[in-house]
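A.B. asks: next one to model:
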Amino acid sequence: MKTTGRRWITAFGLTLMTAACGSSDAPGTYSVEESPAPIKRRPTPVTEFTPVELEATVDDFVAELNEHPNAPMHTEVLLKILSGFFAPVATAANRAMGELRMTGNVVGRLEEPGDQEKAVALQNEQIAQTVAGGAEAIGIAPFGEGNASGIDAAVEQGVDVVTLDADVESSKRSIYVGTLNKEAGTTAGETLLPLLPPGPGTVIILGNANPVWVTGLERTKGAEDVFKKAGYETLVVQETLTEMGDEEDAATMKAEIEAADPPVVGMIGMFNEAYRCAMAAEAAGRKDIAIVAFDFDPKTVSYMRKGFIKATHTQRQYYEGYLVPYILYGIKNIGLDATRKILAPLMVDDVRVNTGLDVVTADKIDAYNDHLDALGVNQ
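C.D. replies: Residues are numbered from 1 along each chain as shown. Predicted coordinates:
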C-alpha cells in the first residue's frame with residue numbers, strides 16, 4: 001500500500017449547539033407517580049428503500065415496552081455536528097425522544113472538528129458535563145478510542161451509554177448502533193470492482209490511514225482488501241478534515257492520477273466527502289475513471305447526475321438516531337438482556353446493532369430522495 005499523508009489540523013471550533021426536543025416531536029410531561037400513556041410511534045412511510053426487518057424490530061420493541069410500567073428519564077445524545085451527515089441523526093433522535101416522552105437534548109457542534117485529538121478531549125469533557133447535569137443515559141457518536149475513558153467514567157456513575165456511527169470497542173458502552181465499518185468498506189469495494197477494466201491498474205481510495213480514527217481505518221481497509229485480492233494496486237489518500245479539504249484533496253488526487261503507474265482505473269471515497277474523487281477526475285479530464293462513493297452529500301448527488309459517480313452507499317443515519325433513544329429507554333425499563341433479545345434480528349454479536357447500508361445507483365437518485373423526504377430528513 002502506498003499512502004499519501006495529509007494534515008489533520010484546522011481552527012477547532014469550541015462552540016456547541018443543542019437541538020432540544022421540541023415542536024411537534026416534543027415530549028409530554030408527567031410525574032413519576034402517573035402512568036404514562038402507551039408509546040406510539042409516528043407512522044413511517046413505506047418506500048423501496050424502507051428497511052423492513054429494522055422497522056419490524058422497532059415495532060416489536062414498542063410492543064414489549066408497552067407491556068411494562070415505563071419510567072420517565074433524562075437522556076442526552078451527543079453528536080459530532082448537527083448539520084450535513086448528522087442532520088438526519090439529530091432529527092430522528094429528537095423524534096424518538098419525543099415519542100418516549102424523554103427530557104434531554106441532542107447536542108452537537110456548529111462546525112466540523114479539525115484536530116482529531118482535540119475533538120476527543122473536548123467530547124470527554126462534554127460527557128462529564130452531561131453526567132454532572134443529571135443525564136441517566138447517553139447516546140454518543142464518538143471521535144475515537146480516546147473517548148473510552150469518558151464513556152467508562154459515565155458508566156461507572158450508573159449512566160448507560162450507547163455509541164452510534166462510530167464505536168469504541170474498548171469502552172464499557174452497552175451497545176453500538178450503526179454501520180459495521182469493515183463490512184461496509186468491503187461492500188463498497190465490491191460495488192466498484194465489476195465496474196473496473198481488467199488489470200493492471202491503480203485504485204485511489206480517499207480514506208483514512210490515521211490510527212486515531214479506528215473505524216475510519218477499518219472501513220478503508222475493508223475496501224482496500226477487495227482491490228488487492230483482485231490484483232489492483234491501491235493508493236490511499238488521507239482525507240483532509242479541514243474547510244479547505246475539497247481543494248486540497250482534489251489537487252492531491254489529480255496529481256496522483258497524472259503520475260500513477262499503472263494508470264488509475266477506479267476511485268472510491270469512504271466518507272461523506274467522497275465527491276472529492278469526482279472533483280479530481282474532472283480536473284484531470286478523466287471521466288472514464290469508475291468512481292463510487294459513500295453517503296448522500298448534495299455534491300455527491302450532483303456528480304452522480306453528471307455521470308462521474310456510479311453509485312453511493314448510504315448509512316441509514318436516520319435509523320441510527322432513531323434507535324438510540326429506544327435502546328437507552330429499553331435498557332433502563334426492561335433491562336439490557338431483554339433489550340438485546342428484542343434487537344436480536346439486527347445484532348451481529350452481543351454488542352453491535354447493524355443498521356445496514358443502502359446502495360444507491362445513479363438511476364435511483366430521485367427514488368432515494370423521495371425516501372428521505374418521506375422520513376423528513378432530506379439532506
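A.B. asks: quick check: pLDDT value at N333.
C.D. replies: Note on N333: pLDDT of 94.
A.B. asks: report how many residues lie close to it.
C.D. replies: 18 (other C-beta atoms under 10 Å). In short, each C-beta sits where N, CA and C put it, glycine included.
A.B. asks: contact partners for it?
C.D. replies: Taking C-beta atoms under 8 Å, 6 or more residues apart in numbering, we find N333 in contact with 65, 68, 70-71.
A.B. asks: inside strands: which ones of these?
C.D. replies: Among those, no member falls in strands (criterion: DSSP state E).
A.B. asks: show me the two of those that sit farthest apart.
C.D. replies: Farthest pair in these (C-beta to C-beta) is L65 and A71. Separation: 11.2 Å.
A.B. asks: which of those two has more residues huddled nearby?
C.D. replies: In this view L65 and A71 are compared by other C-beta under 10 Å, and L65 has more residues nearby, 20 against 11.
A.B. asks: report the central residue of this structure.
C.D. replies: By C-alpha atoms, centre = their mean, the mean C-alpha position of the chain lies nearest to D165, the distance being 3.7 Å.
A.B. asks: distance of that residue relative to V77?
C.D. replies: Between D165 and V77 the distance is 11 Å, computed by C-beta to C-beta, to the nearest Å.
A.B. asks: where exactly do the strands run in the stretch 51-200 of the chain?
C.D. replies: For the stretch 51-200 of the chain, the strands defined by DSSP state E, counting those that start in this stretch occupy 74-81, 103-109, 137-140, 160-164, 175-178.
A.B. asks: for the second one, which strands pair with it and how are they oriented?
C.D. replies: Okay, so that is strand 103-109. In the sheet, strand 103-109 lines up against strand 16-20 (antiparallel), strand 74-81 (parallel) (DSSP bridges).
A.B. asks: worst average pLDDT in those strands?
C.D. replies: The minimum mean pLDDT among the strands paired with strand 103-109 belongs to strand 16-20 (a mean of 45).
A.B. asks: rewinding a little: format the contacts of N333 as TSV; extra columns: pLDDT and distance to V348.
C.D. replies: Listed next are those as TSV, based on pLDDT from 0 to 100; distance: C-beta to C-beta, whole Å:
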residue	pLDDT	distance to V348
L65	95	23
H68	90	27
N70	82	28
A71	83	30
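A.B. asks: coming back round to it: would a markdown table of the strands of the stretch 51-200 of the chain with mean neighbour count and distance to G356 be doable?
C.D. replies: Below are the strands of the stretch 51-200 of the chain laid out as a markdown table (neighbours: other C-beta atoms under 10 Å; distance: least, C-beta to C-beta, whole Å):
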| stretch | mean neighbour count | distance to G356 |
| --- | --- | --- |
| strand 74-81 | 24 | 20 |
| strand 103-109 | 23 | 22 |
| strand 137-140 | 28 | 19 |
| strand 160-164 | 27 | 14 |
| strand 175-178 | 26 | 10 |
